[in-house]
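Chemist: what would the 3D arrangement of this be:
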Amino acid sequence: MTEADRSTVIVVGAGVFGASAALALARRGWQVSVIERATPGHSGASSGGESRLLRVSHGPDRWYTAMAWAARRAWRQLEAETGRDVLVETGLVWFARSAEGWEADSMRVCDAAGIPVERISSDRVAELYPSVRTDDLAFGLWEPHGGVLRARTAVAVLVEHAVRHGAVLRVGDTARPDRHGVRIGDEVLHADRVIWACGPWLPRLFPGRVEMAVTQQDTCFFSAPPAWRAGMVPAWVDFDGAAYGAGDLDGHGFKCSSDIQGPAFDPDRDDRLPQQAHVDAARAILAHRFPALAGAPLAGTRTCQYTTTVDTQFLISPLDDDRVWLFGGGSGHGFKHGPALGAYVADLVEGRYAPDARFGLMARTAATSLRTAGHGPR
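Modeler: Numbering: from 1, shown residues only. The predicted structure follows:
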């Protein structure tokens with residue numbers, strides 16, 4: 001196949017979604033151009049930062065469960081191909097506050113799909129941490145293959161691998177839509193397909209078409225003894241308590257964060273200081289769940305912007321026809337799906353499947369969050 005015979009695609013945005021789609025299409029022989037306004041994984045990106053959880057459980061939803069399991073395999077494949085360590089399989093436990101809820105639904109779906117999970121007693125949960133409160137738990141849902149992704153590293157590896165497969169990375173340009181093309185200053189670029197994967201900038205670039213909330217979510221890291229390192233303790237999620245975290249990964253501190261929806265956020269803001277209310281909420285979670293860390297010093301914070309659809313489903317849709325695609329709406333749970341989701345988007349762009357209506361541009365109705373309950377303890 002000559003260069004002239006190869007299909008062309010421009011991917012705008014080199015976060016985990018854009019980088020994953022670029023890699024998938026480059027592997028399939030497309031001529032791929034990636035446009036990124038800054039360094040992939042930069043401090044202002046939704047895909048930046050130290051870590052993201054990898055968990056398979058998604059309540060009763062089979063599609064997301066299968067996608068997360070496929071993503072785990074894809075992350076491992078990426079590591080094997082590049083020699084880079086991206087996923088730390090610490091295991092992950094869900095703190096189930098009721099016998100029949102999100103976690104019980106998750107277990108049924110995982111069991112039906114043959115994905116390893118285990119229902120464990122509160123006593124077993126207590127054995128997983130140096131100090132943990134379990135008297136408010138009905139059980140724990142154990143994911144032995146869950147863990148923590150090195151977020152910034154993962155994005156860099158995806159982009160680097162896409163370049164090795166022939167993709168061209170263009171950094172430092174601010175792109176704007178121009179009908180079916182991409183405008184950069186006075187220049188308009190064209191390709192057979194364009195994928196806009198711009199995270200929190202999507203609603204600005206496509207006003208009236210993309211409806212997503214961009215909010216400030218702050219992750220908090222606390223100084224803790226060596227027994228609290230990632231690998232010594234598992235990652236964890238409290239769905240009904242709207243909280244999550246992980247052991248100390250690479251010296252950043254024990255991660256503990258509230259997942260309640262934060263205030264509106266401008267992704268172009270230079271000020272990324274944390275909300276004091278978010279730090280206070282994280283401390284309250286520590287005091288409640290991990291009492292030995294109640295007074296742990298704050299080691300650092302990270303301000304993230306979440307780009308959330310009202311139903312927390314992804315946005316994966318052609319704009320008006322199949323020449324232009326919109327890919328976003330990570331809704332705080334998208335990162336882990338990256339490479340598997342990129343392959344899915346590549347299938348859509350190639351016409352192998354019809355777009356799924358639930359990921360479309362239609363008006364959406366609020367539904368149970370695919371991230372956490374989002375309302376704090378009930």
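
Chemist: quick one: the strands in the stretch 1-150 of the chain?
Modeler: Listed in chain order, the strands of the stretch 1-150 of the chain (DSSP state E, counting those that start in this stretch) span 8-12, 31-36, 51-54, 87-88, 92-96, 118-120, 139-143, 147-150.

Chemist: strand partners (parallel or antiparallel) of the longest one?
Modeler: The reference is to strand 31-36. With DSSP bridges as the criterion, the sheet partners recorded for strand 31-36 are strand 8-12 (parallel), strand 168-171 (parallel).

Chemist: circling back: make a markdown table out of the strands of the stretch 1-150 of the chain and add mean pLDDT, mean neighbour count and distance to Ala175.
Modeler: Every C-beta, even on glycine, is put in place using the N, C-alpha and C of the backbone. As requested, the strands of the stretch 1-150 of the chain are exported to a markdown table (pLDDT from 0 to 100; neighbours: other Cβ atoms under 10 Å; distance: least, Cβ to Cβ, whole Å):
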| stretch | mean pLDDT | mean neighbour count | distance to Ala175 |
| --- | --- | --- | --- |
| strand 8-12 | 98 | 25 | 5 |
| strand 31-36 | 97 | 24 | 5 |
| strand 51-54 | 96 | 24 | 25 |
| strand 87-88 | 98 | 19 | 31 |
| strand 92-96 | 98 | 27 | 37 |
| strand 118-120 | 98 | 16 | 46 |
| strand 139-143 | 98 | 24 | 38 |
| strand 147-150 | 98 | 24 | 27 |
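
Chemist: so for Asp218, which of these sits nearest?
Modeler: Ranking the strands of the stretch 1-150 of the chain by distance to Asp218, with Cβ to Cβ as the measure, places strand 51-54 first at 14.2 Å.

Chemist: which other helices and strands contact the closest one?
Modeler: Based on contacts counted as 3 or more Cβ pairs under 8 Å, 6 or more residues apart in numbering; DSSP states H and E, the elements that strand 51-54 packs against are helix 62-82, strand 147-150, helix 151-164, strand 243-246.

Chemist: mind putting the strands of the stretch 1-150 of the chain in JSON lines, distance to Asp178 included?
Modeler: Formatted as JSON lines, the entries for these read as follows, by distance: least, Cβ to Cβ, whole Å:
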{"stretch": "strand 8-12", "distance to Asp178": "11"}
{"stretch": "strand 31-36", "distance to Asp178": "13"}
{"stretch": "strand 51-54", "distance to Asp178": "33"}
{"stretch": "strand 87-88", "distance to Asp178": "38"}
{"stretch": "strand 92-96", "distance to Asp178": "44"}
{"stretch": "strand 118-120", "distance to Asp178": "52"}
{"stretch": "strand 139-143", "distance to Asp178": "45"}
{"stretch": "strand 147-150", "distance to Asp178": "35"}
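
Chemist: so which of those is nearest Leu298?
Modeler: strand 51-54 (16.7 Å).

Chemist: hang on, the earlier thing: among the strands of the stretch 1-150 of the chain, which comes closest to Ala346?
Modeler: Taking Cβ to Cβ as the measure, these were each checked against Ala346, and strand 8-12 came out nearest at 9.1 Å.

Chemist: pull up the gap between Ser317 and Ile195, please.
Modeler: Noted for Ser317: a distance of 11 Å to Ile195, by Cβ to Cβ, to the nearest Å.

Chemist: residues shared between the contacts of those two?
Modeler: With contacts defined as Cβ atoms under 8 Å, 6 or more residues apart in numbering, the residues shared by Ser317 and Ile195 are Trp325, Leu326.

Chemist: tell me where the model's unsure across this protein.
Modeler: Across the chain, residues meeting the criterion (pLDDT under 70) sit at 1-4, 42-44, 373-378.

Chemist: only the buried residues of stretch 217-227, if you could.
Modeler: Gln217, Asp218, Thr219, Cys220, Phe221, Phe222, Ala224 (16 or more other Cβ atoms under 10 Å).

Chemist: looking at Ser317 and Ile195, which is more packed in?
Modeler: The residue with more neighbours, out of Ser317 and Ile195, is Ile195; 28 against 21, by other Cβ atoms under 10 Å.

Chemist: which residues does the spatially most central residue of the chain contact?
Modeler: Within the chain, the residue whose C-alpha comes closest to the C-alpha centroid is Phe335; the distance, by Cα atoms, centre = their mean, is 2.0 Å. Neighbour list for Phe335: Val16, Ser47, Arg52, Leu149, Ala151, Ala154 [criterion: Cβ under 8 Å, 6+ apart].

Chemist: one more time with 6 Å
Modeler: Applying Cβ atoms under 6 Å, 6 or more residues apart in numbering, one finds that Phe335 lies in contact with Val16, Arg52.

Chemist: likewise Arg152?
Modeler: By Cβ under 6 Å, 6+ apart, the neighbours of Arg152 are Gly41, Gly48.

Chemist: measure it to Ala19 for me?
Modeler: Arg152 sits 12 Å away from Ala19 when distances are taken as Cβ to Cβ.

Chemist: surely Phe314 and Phe359 touch.
Modeler: Yes - counting by Cβ atoms under 6 Å, a contact exists between Phe314 and Phe359, whose distance comes to 5.2 Å.

Chemist: what's the first-to-last distance across stretch 245-255?
Modeler: 5 Å (Cα to Cα, to the nearest Å).
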